[in-house]
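Trainee: Turn this into a structure:
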Amino acid sequence: QVQLVESGGGLVQAGGSLRLSCAASGGTFSTYTMAWFRQRPGTEREFVGFIWRDGVAPLYSDIAKGRFTISRDNAKNTVYLQMNSLKSEDTAVYYCAAGNTGMPYVSSYDYWGQGTQVTVSS
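Mentor: Below is the predicted model:
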């Protein structure tokens, strides 16, 4: 059983940056593909990107390409989401997730954090 805890959310002005962290415990972190999703008010959870177990070649959705970067430190059991050039439409609860497949679907991931709120003011 893997426990995931996100941190780093908050209020930021449009054009600013935030780095989210997701700390894992209770499992072998390095064996999991790690993903980030977000859920904006009144919408379904949407895929942001994922990173393979070895940290090579993260895959991003269109909403993240060119602005967001996912990285991981297996020694620290932590995955990161660096978000730059933030827009008001990036306001959402951001979730990290752990799974065994590299797919952009909520159902592909077995473990989820509680989420961290990101609010971008325009």
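
Trainee: make it CA atoms for all contacts and neighbour counts henceforth
Mentor: Noted.

Trainee: downstream neighbour of the strand or helix carrying Ala23 in the secondary structure list?
Mentor: In this structure, Ala23 sits in strand 18-25 according to DSSP states H and E. Sequence order places strand 33-39 as the next helix or strand after strand 18-25, per DSSP H and E.

Trainee: Now that next one: average pLDDT?
Mentor: Taken as a whole, strand 33-39 has an average pLDDT of 98.

Trainee: can you offset everything so residue one is 654?
Mentor: In the new count, where the first residue is 654, that last one comes out as strand 686-692.

Trainee: buried residues in the next helix or strand after that strand?
Mentor: Following strand 686-692 in sequence order, the next helix or strand is strand 699-704 (DSSP H and E). Buried residues in strand 699-704, counted by 16 or more other Cα atoms under 10 Å: 699-704.

Trainee: repeat for stretch 742-759
Mentor: 743-752, 754-757, 759.

Trainee: Among the residues you listed, which one sits closest to Ser670?
Mentor: Asp743 (11.2 Å; Cα to Cα).

Trainee: Contact partners for the closest one?
Mentor: 693, 771-773 (Cα atoms under 8 Å, 6 or more residues apart in numbering).

Trainee: do that again at 10 Å, thanks
Mentor: 667, 691-693, 716-717, 736, 771-774 (Cα atoms under 10 Å, 6 or more residues apart in numbering).

Trainee: Now neighbour count too, for these, in CSV please.
Mentor: Putting these into CSV (neighbours: other Cα atoms under 10 Å) gives the following:
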residue, neighbour count
Ala667, 17
Arg691, 23
Gln692, 18
Arg693, 16
Ile716, 14
Ala717, 17
Met736, 19
Val771, 22
Thr772, 20
Val773, 20
Ser774, 16
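
Trainee: can the residues you listed go into a markdown table with extra columns for secondary structure?
Mentor: Below are the contacts of Asp743 laid out as a markdown table (DSSP: H, G, I helix; E, B strand; the rest coil):
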| residue | secondary structure |
| --- | --- |
| Ala667 | coil |
| Arg691 | strand |
| Gln692 | strand |
| Arg693 | coil |
| Ile716 | coil |
| Ala717 | coil |
| Met736 | strand |
| Val771 | strand |
| Thr772 | strand |
| Val773 | strand |
| Ser774 | strand |
